[in-house]
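A.B. asks: I would like the atomic coordinates for the input below:
(one chain, ligands or ions: 2)
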Amino acid sequence: MKQIILTGDRPTGRLHVGHYVGSLKERVRLQNSGAYDEIYIMIADAQALTDNAEHPEKVRQNIMQVALDYLACGLEPEKSCIFIQSMVPQLTELSFYYMNLVTVSRLQRNPTVKAEIKQKNFETSIPVGFFCYPISQAADITAFQATAVPAGEDQEPMLEQTREIVRKFNDLYGETLTEPKIVLPSNQACLRLPGIDGKAKMSKSLGNCIYLSDEPEDVKKKIMSMFTDPTHLRRDDPGHTENNPVFIYLEAFSRPEHFTKFLSDYQNLDELKAHYERGGLGDVTVKKFLNNVMQAELAPIRERRKEWEQRLPEVKEILRAGSEKAEKKAAETLYAVRNAMQINYF
Ligand code: ATP
Ligand code: MG
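C.D. replies: Numbers count the residues shown, from 1 in each chain. Ligands and ions are numbered 1, 2, ... in the order given. Down below sits the predicted model:
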């Protein structure tokens, strides 16, 4: 069986470091591993419109921003087909057929949808399109016959919903669609990176992000203002590292060579944590170290992004060509789907 990846992001803002550790970094690794026959990376503009219908210009502008972030992180258009969701109309048609295979109560039970309805204050006025986005996500994944979806932990309920749709479709109409698996980052801290406020997951909609394109001074300001352990008031107080955003970020980003380079009193994160938990280690020292670590990680990405910013017509052409290629693949699946449903009339 062919190994195929489909994944993507909503163009609701520039991408942040949560995207990076939760999904982007893994995609680049898989892209370069050579283990996949086809890779599709989707900029989900139609999905973004389900909760941004009043702001199509915001979605349109961010398509380019997300594309720049992709290229900056090392996605290569020769290996990964980058495309725009709404330029592949077959996805909408597939969604329409899949809607018949899902109940309203099943959608209501989807924990990610539940959390997002609350977060967006949609309780009494959920747009139907938003409510149905897990179905459209199933269409996106299955249209490419994806076997693997590298994504953050919040996407697991979407994948479960997709697998249910695949099983239902194949039961009813015969083996046509492929069941996908989620590929989560192996590092626990990367599954759902918290925002700099330490409350919820880092999310474009919550304004608690460090963006991949932030300038070094902004990254520093954000890190120095981060929440830490509220019980660690004085330097000598014993501190907690669990649920402490600064330590979660260090788990996600730091490597042994960062210690040699920036904080040579400690060999690794375990030693730093032990000192913080014992007491006697100030938040400022830890934050300064985190700043050095993140600056080192983000500098090459920022540099590559600036280079691509000078080549916007090329970026647009990458998206056009990618969308054309994606449409061909989705059309093949749609043809098979209509055949299976026996609705290819002529
Ligand atoms: P929005 O607020 O518009 O929903 P978002 O910040 O949640 O934006 P998405 O485009 O919904 O970003 O997510 C894209 C991908 O990035 C998904 O695979 C998701 O799991 C992953 N992701 C998003 N935020 C995080 C995070 N804080 N930690 C780990 N992975 C994340
Ligand atoms: Mg999201």
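
A.B. asks: Domains in this protein, by residue range?
C.D. replies: As given by automatic domain parsing, the domain ranges for the chain are 4-192+312-340, 214-306.

A.B. asks: which residues are there in the chain that come within reach of ligand 1?
C.D. replies: 9-10, 12, 18-19, 22-23, 151-152, 154-155, 192-193, 201-205 (CB under 6 Å from any ligand atom). Yep, even glycine has a C-beta here, placed from its N, CA and C like the rest.

A.B. asks: Can I get the worst-scoring helix or strand of the chain on mean pLDDT as CSV, trimmed to CA atoms?
C.D. replies: Lowest mean confidence among the helices and strands of the chain (mean pLDDT, DSSP states H and E): helix 111-119, at a mean of 90. Extracted in CSV, the C-alpha atoms of helix 111-119 (Å, rounded to 0.1, in the frame of the first residue of the first chain):
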residue,chain,number,x,y,z
PRO,A,111,-14.5,16.9,22.3
THR,A,112,-12.4,19.3,20.1
VAL,A,113,-15.6,20.7,18.5
LYS,A,114,-17.1,21.1,22.0
ALA,A,115,-14.0,22.9,23.3
GLU,A,116,-13.9,25.2,20.3
ILE,A,117,-17.6,26.1,20.5
LYS,A,118,-17.0,27.2,24.0
GLN,A,119,-13.8,29.1,23.2
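
A.B. asks: Can you give the contact residues for whichever helix or strand comes after it?
C.D. replies: As assigned by DSSP states H and E, the chain's next helix or strand after helix 111-119 is helix 128-131. Applying CB atoms under 8 Å, 6 or more residues apart in numbering, the contact partners of helix 128-131 are 49-51, 53, 107, 113, 117, 122.

A.B. asks: now the residues you listed in CSV, with neighbour count and distance to residue 37?
C.D. replies: Output for the contacts of helix 128-131, formatted as CSV (neighbours: other CB atoms under 10 Å; distance: CB to CB, whole Å):
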residue, neighbour count, distance to residue 37
49, 23, 31
50, 18, 31
51, 21, 34
53, 12, 37
107, 18, 32
113, 21, 32
117, 19, 37
122, 15, 39
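
A.B. asks: Run the chain-centre distance for stretch 286-304.
C.D. replies: From the chain centre to the centre of stretch 286-304 is a distance of 20 Å (CA atoms, centre = their mean, to the nearest Å).

A.B. asks: and residue 149, what is it in contact with?
C.D. replies: Taking CB under 8 Å, 6+ apart, one finds 5-7, 141, 155, 159, 180-183 in contact with residue 149.

A.B. asks: one step back: now a ChimeraX select for only the buried ones of the residues of the chain next to ligand 1.
C.D. replies: A single ChimeraX command is used to select the members of the residues of the chain next to ligand 1 judged buried by 16 or more other CB atoms under 10 Å:
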select :9,10,12,18,19,22,23,151,152,154,155,192,193,201,202,203,204
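
A.B. asks: Find the closest residue to ligand 1 in the stretch 1-150 of the chain.
C.D. replies: Per CB to the nearest ligand atom, residue 22 is where the stretch 1-150 of the chain lies closest to ligand 1, at 2.1 Å.

A.B. asks: pretty sure that residue contacts residue 190?
C.D. replies: Yes: using CB atoms under 8 Å, residue 22 is in contact with residue 190, at 5.6 Å.

A.B. asks: which residues are common contacts for the two?
C.D. replies: Joint contacts of residue 22 and residue 190 (CB under 8 Å, 6+ apart) are residue 152.

A.B. asks: picking that back up, pretty sure the residue of the stretch 1-150 of the chain closest to ligand 1 is in a helix, no?
C.D. replies: Yes: residue state for residue 22 (DSSP: H, G, I helix; E, B strand; the rest coil) corresponds to a helix.

A.B. asks: Quick check: the gap between it and residue 298.
C.D. replies: 16 Å (CB to CB, to the nearest Å).
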